[in-house]
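# Okay, structure incoming, though there's no sequence with it:
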């Protein structure tokens with residue numbers, strides 16, 4: 001019998017994905033950002049997650065650069 005992952009495992013996986021997406025957006029220093037995500041962030045494709053986070057940061061006025069973009 002295979003056990004379903006408990007909530008802490010899922011929560012930590014979501015945190016790691018959000019953190020990686022945040023780093024990929026390359027937000028400018030000097031901003032405090034609070035992110036609230038639900039379980040959809042676990043299964044969402046990473047490119048969609050990064051795009052949504054980038055849009056949210058832009059709406060809040062946080063300058064970002066996509067990873068690989070020229071400075």
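Looks like it arrived, so ask away. Please read these numbers as outputs of a predicted model, since none were measured by experiment.
# And for residue 14, the neighbour number?
When neighbours are counted by other CB atoms under 10 Å, residue 14 registers 19. From N, CA and C alone the C-beta is placed, and that goes for glycine too.
# An error on my part: the question was meant for residue 24.
For residue 24, using other CB under 10 Å, the count is 19.
# Give the buried residues for the helix or strand containing it.
Using DSSP states H and E, residue 24 maps to helix 7-25. Residues of helix 7-25 classed as buried by neighbour count (16 or more other CB atoms under 10 Å): 14, 17, 18, 21, 22, 24, 25.
# What residues does the residue most central in space within the chain make contact with?
Per CA atoms, centre = their mean, the C-alpha nearest to the average position across the chain is that of residue 18, at 2.7 Å. Applying CB atoms under 8 Å, 6 or more residues apart in numbering, one finds that residue 18 lies in contact with 35, 37, 41, 49, 53.
# Now for those: which two are most distant?
Farthest pair in the contacts of residue 18 (CB to CB) is 35 and 49. Separation: 10.9 Å.
# Between those two, which is the more surrounded one?
residue 49 (22 against 13).
# do you know how far the more buried one is from residue 29?
Distance check for residue 49 against residue 29: by CB to CB, to the nearest Å, it reads 22 Å.
# what do you get for residue 46?
24 Å.
# Same check on residue 61?
14 Å.
# Can you list the residue ranges for strands in this protein?
In the chain, no strands are defined using DSSP state E.
# can you list the weak-confidence ranges in it?
Low-confidence segments of the chain (pLDDT under 70): 1-2, 66-71.
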